[in-house]
Each structure stands twice: as structure tokens, then as C-alpha cells.
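Chemist: My questions concern the predicted model and sequence given below.
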Amino acid sequence: MIEVDGLVKRFRAPFRGEIVAVDHLSFRVQPGEIYGLLGPNGAGKSTTLRTLATLVQPDEGRVEVAGFDVRRDPLGARSRLGWVPAESGVPHQLTPREVVRLFARIQGVDKPHVRADALLDRLGASSYADTPCGELSTGMKRRVVLARAMVHDPQVLLLDEPTDGLDVKGRREVLDLVREQAAAGKTVVVSSHIMVEVERVVQRMGVVAHGKLRAEGSLADVLRAAGADNLDDAFLQLTGEAVENASAIGTPS
Amino acid sequence: MTRTLRALLALTVTLVRRLLREGVVLRSLAFPALLCAGAILLTVVGVTVLRPPQAIGVTEGLDTPALLAEAAEKGWSVTVVDDPAAAVDAELVTAATDGETIWRKRSSTAALGVEALLRQHLGAGWWMDVSLGQATRQRSYRSNEMLLRFIGALFAMYGVVFGAGSVARDRDEGTLAAEVATAVPRWVHGTARWLASTFVLGAFYVFGVALFHSLVGMPDPVAVGLHGVAASAGSAALGIAVVGRAGMAQGFVAPLSVGLVLVTTLLGWGFAANGPEQWVPIASVLSEGTPGAGAAAMSVLWGAAGIALFTWRSTTE
């Protein structure tokens, strides 16, 4: 279970001063639920996920992951979460088997070899488990990254743009896996800006723009809030992108 | 704690494995020592092959049994020549005498030794002290050591690249974030990178020292090795400390430059200073005739400081 209450995160950027990346954001995700964080680039989705993963510290607000406060007990939170970063990078000198076994050891998994091999097999990665990661396609690397995050069977899965750079088949596989994890009772948070995916996989969603939560709920709730009949339009409406795009094009004389 | 140490060991071993699997890393570490040792070997072989004959030329009557015996003892042959100057000029002999004058063409140790021997047998009032050979040998030993110290300086620069690069590249790939999001304390990630960089650099440096010592000899190979390992450990700590929150794609050049400037400043100070530099990792690598234990101990403190800074910067993001 995830609880985010009044989260604020500020960064100091050169020449721009202080930037509020996340501005009083609150949401809750129950076990077995897939929650989608939607928003344009720079909306604060990744910062929110990185805060949940204890990679950045909140400036204000309370963030709990699986009952652990990320500020007070980050180790406890980290022991219960699996983090899938937006970058699908894995060390090119290692094989997928070595990567997943390493993370199994770090996470203190019993019989790390057995667990890592079984997971790679389940994710359909055993055929290239001994090929150096530098020789793998993006889709293959993505599976290794997922296996790395899931090797300790975490209660919470945090996925930042998990399908970025994947082909249709790869996307479907990842989304199926996400559904499978939720069905097994895990709490899943996915950030994405690909509407079709979000519609297909999440049960509830939060639309974020400029660090603020603009709408939250089921697909129907979000459509209602935006007064739109499809998620693309709702997204543009809620995030202000439609207005910004129109301004960029210019007003017809 | 046991779990943390296990995680540290697993991460360090994996990072060492990653470094050793990179061709460019292996080449950059092995080539300096191998090339220098190879060049020295070739020089020694060349000098031996091209060495002029170890012969002494004397005019008739000067080839006394005493001269013959002592020359033979030193591995020289004595040849009777009609024209000593011409024999030396034609490089038939190293040095020659007619009893009044000594001719020699080269200023090599062998030529000086021959001259000393001839002077003794001609009853000259003075001759070159035979211990000169020892001094020359000592000097040659010291230049072998100095060569290794310059390789140590090179390794100090590698250390910054290894330390900073190991963080920046993994940060870009998302590997560092994935590691940091695991249930181990943050200091483990910096420590593993420092240990792996130090181990790989130190091992190759010690290999270079052993290779040089076995080929050409050095007065104090242990001190040279300790200074080199201290330089590797100190510079790796410096790299980890200066990298901050930079990634390879964005902002890496600035911390790398800072690290390299610090290393070259320390090297320059170490070259010029005479005493205190022996305690300072990196600076001590060019310090001659000092034991390396102090710098090695200090490099552990540098490592701790570098890791602490890295941990603080990554937890306060």
C-alpha cells in the first residue's frame, strides 16, 4: 500500500533558481491496484516515483510505502519495493543472469541463484540469460530490468515509463506482467504519457501537470472531470497542453 | 550487518568483474608497465648485442702477467697493438695505451674501468675509484624506480576517471538508482566503487612493480608499490567525491576536470616538496626514497571521506 500526503519536492536549478517539481501531491494506492501517474514531460511524475523509491527526499509531506515512512525508515521501504527506472540500462559487461543474481544477493534473497534463474525463465529471458547485456535489444534489457526489480518479490512495484522504447510485442508483454503482479496482490504505480497503455492497464489514475494533481480516479472519473470523451482530449485539457499548443501555433488573423 | 557486508562484497566483486571485462580498461592498465618493461628489456638486449669488444690494447712489452691476470678476472682480453690510437679509433679495443698515454673513445663505465686498470699497472699517481660502478648501478636502480613512480602518476589520473566514471555511467544507465533503491545502506554503493577501483588499479600497479623489479631491480619495491596503491586509492576516492550528482551525458566534464586538476596539483607539489608529501596520497607517488606506509594509511582516510561525501550528496538529493 502507498500513501502520499501533501508531497512537495523542490530543486535548485542553475540560472532558474528554485523549481517546485511536485506541489502538494496526495494519492493512495491499495494492494492489488494499478495506479497510473499521467502527465507531460516535466510534470513531476518521475520525481514522485523517485521519492516513493527513496531516491530523493521529500521537502514536505508524508510518503509511506508498505507502511514505512520513506524519510524515517528508507531501508524498510526499500526492502518492500521494486524500482524500474525509465532508463533501460543494464551493465553491458554483465549477463542478465549475473545482473539478476547480484540483485538477489544484495536484497538478501534465499538461494539467489535459484530465484534469479526461475524469474528469468518466467519472464522468457532464459534464452539470452548468458549473453552480455551489451548485445541485447531494448526489449530484452527491459525484461532484465523488470527481473532485477522483482527478484526479491516486493510488495510494491514502481515503474517509470516501463514501455519506453519497446515495440508492440514488448509493450504487451510488459503490460501483461504488470497486470499479473497486481493480480498477485502487489501495489503497482506506473508512470506514463502513452494514453492507450494507461487506458488498458490502470484501474485508477492521477493526471499531473506542473507538479499538481489535476484529476484523479477511474477513467470515467477523469473523463468527467475534463468534460472530454477520450483520454487524449482529457489529458490535453487537464494538463493545459491543448492551450499551450494552440498558443505555440499562433492565433489566426 | 552481515547482510550489508555480503551486499558490499557482492557489489565489489561484480564491479571488479565489470572493470576487468572492459578491453579499454585492461589495455590502459597493462600497457604502461608492459611497454616500459619491454622497452627496458629491448634496450638491455640491444646494448648487450651492440656492446663493443671488451678488449684492452697495449703495445708490446706492456702485456705483463699481472695485467693479463687482472684483466681476465674482470672479463677483458688483452691485445697487443702497434698503434693504440688507431685500434681505439677502429673500435677494436675499448681502451689502449703505449705506456705514456691512454686512449679511449667512449665514456662508458667499462671504458672508465679499463682506464683505471691501465693506470694502476702503469704506476700512475691516481685512477678512477672502482666503487664508481656501484654508484652508477644505484643511480640506474633509482631511475627504474622513478619510471614506476611516473606510471603511478598516470594511475592516479586513471583513479579519478575510474572513480567518477563508475558513478556517472551507472547513474545514466539507471543501474545506480536501481542499486540505491535496494535495502542496503547508501554508503555501500560508494564503498563498493572505491574498493573495486582501488583493487583493479592497485593490482595492476603492483604487477608493474613486480615486473620491473624482477627485470631490472629497484632499491625499495615495497615503498614504490605502497605509494602507487595509495595514489590509486586516493584518486579513486577523489573521483567518487567530486562526481557529485553528475551523469556521463550531462555535466561529467566539470567534475572530471576538477578531479584531474586536483591530481596534477598534488603531483606537482609532490615533485617539488621534500618531506611532508610522503604522507599525502597522490603527491607521495613522486616522492623519492620515502616509505609508503604513511600515504597508504592516509589513502584509507581519503577513501572514507570520499565515500561519506558521495553518500551525503546522494541522500540529500
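Modeler: Here it is on my side, so go on. Numbers count the residues shown, from 1 in each chain, chains lettered A, B, ... in the order given.
Chemist: Now that A:K212 has come up, it's in contact with A:D23, right?
Modeler: Yes: when contacts are counted by C-beta atoms under 8 Å, A:K212 is listed as touching A:D23 (4.9 Å). All C-beta atoms are positioned from the backbone trio N, CA, C, and that covers glycine.
Chemist: which residues do those two both contact?
Modeler: Residues touching both A:K212 and A:D23 (C-beta atoms under 8 Å, 6 or more residues apart in numbering or on different chains): A:G44.
Chemist: Quick one: neighbours of A:L102, just the number.
Modeler: Per other C-beta atoms under 10 Å in any protein chain shown, the neighbour tally for A:L102 reads 25.
Chemist: Then A:L219?
Modeler: Neighbours of A:L219 under the rule other C-beta under 10 Å: 17.
Chemist: so what pLDDT did it get?
Modeler: Looking at A:L219, its pLDDT stands at 88.
Chemist: repeat for B:A95
Modeler: So B:A95 comes in at 84 (pLDDT).
Chemist: same thing with B:W187?
Modeler: 93.
Chemist: try A:Q237
Modeler: pLDDT, A:Q237: 84.
Chemist: so where's the stretch 151-300 of chain B uncertain?
Modeler: Along the stretch 151-300 of chain B, the parts satisfying pLDDT under 70 run over B:247-250.
Chemist: B:R6 and A:Q107 touch, don't they?
Modeler: No: between B:R6 and A:Q107 there is no contact under C-beta under 8 Å: 10.7 Å.
Chemist: more neighbours, those two?
Modeler: Each of B:R6 and A:Q107 has its neighbours counted (other C-beta under 10 Å); A:Q107 has more, 22 against 14.
Chemist: can you count the residues close to the residue lying closest to the more buried one once chain neighbours are set aside?
Modeler: With sequence-adjacent residues excluded and distances taken as C-beta to C-beta, 6 or more residues apart in numbering or on different chains, A:Q107 is closest to A:H152, at 3.7 Å. Neighbourhood size, A:H152 [other C-beta under 10 Å]: 21.
Chemist: same deal with B:A233?
Modeler: B:A233: 30 neighbours (other C-beta under 10 Å).
Chemist: A:D5 too?
Modeler: As a burial measure, A:D5 scores 14 neighbours (other C-beta under 10 Å).
Chemist: mind listing what it touches?
Modeler: For A:D5, the contact set (C-beta under 8 Å, 6+ apart) comprises A:S26, A:G61, A:R62, A:V63.
Chemist: so the spatially most central residue of chain B, which of the three states?
Modeler: Centroid-nearest residue in chain B: B:L148, 0.5 Å away (criterion: C-alpha atoms, centre = their mean). Here B:L148 is recorded as helix under DSSP: H, G, I helix; E, B strand; the rest coil.
Chemist: B:T290 - nearest residue in space that isn't next to it in sequence?
Modeler: B:Q278 (3.7 Å).
Chemist: If I look at the residue nearest to the centre of chain B, what pLDDT would I see?
Modeler: So B:L148 comes in at 85 (pLDDT).
Chemist: quick one: it from chain A, how far?
Modeler: B:L148 sits 29 Å away from chain A, going by C-beta to the nearest C-beta, to the nearest Å.
Chemist: Am I right that that residue is in contact with B:D220?
Modeler: No: B:L148 is beyond contact range of B:D220, at 10.7 Å (criterion: C-beta under 8 Å).
Chemist: need the residues of chain A near chain B, please.
Modeler: A:50, A:53-57, A:75-76, A:78-79, A:81, A:83, A:85-91, A:93-94, A:98, A:102-103, A:105-108, A:145, A:148-149, A:152 (C-beta under 8 Å from any C-beta of the partner chain).
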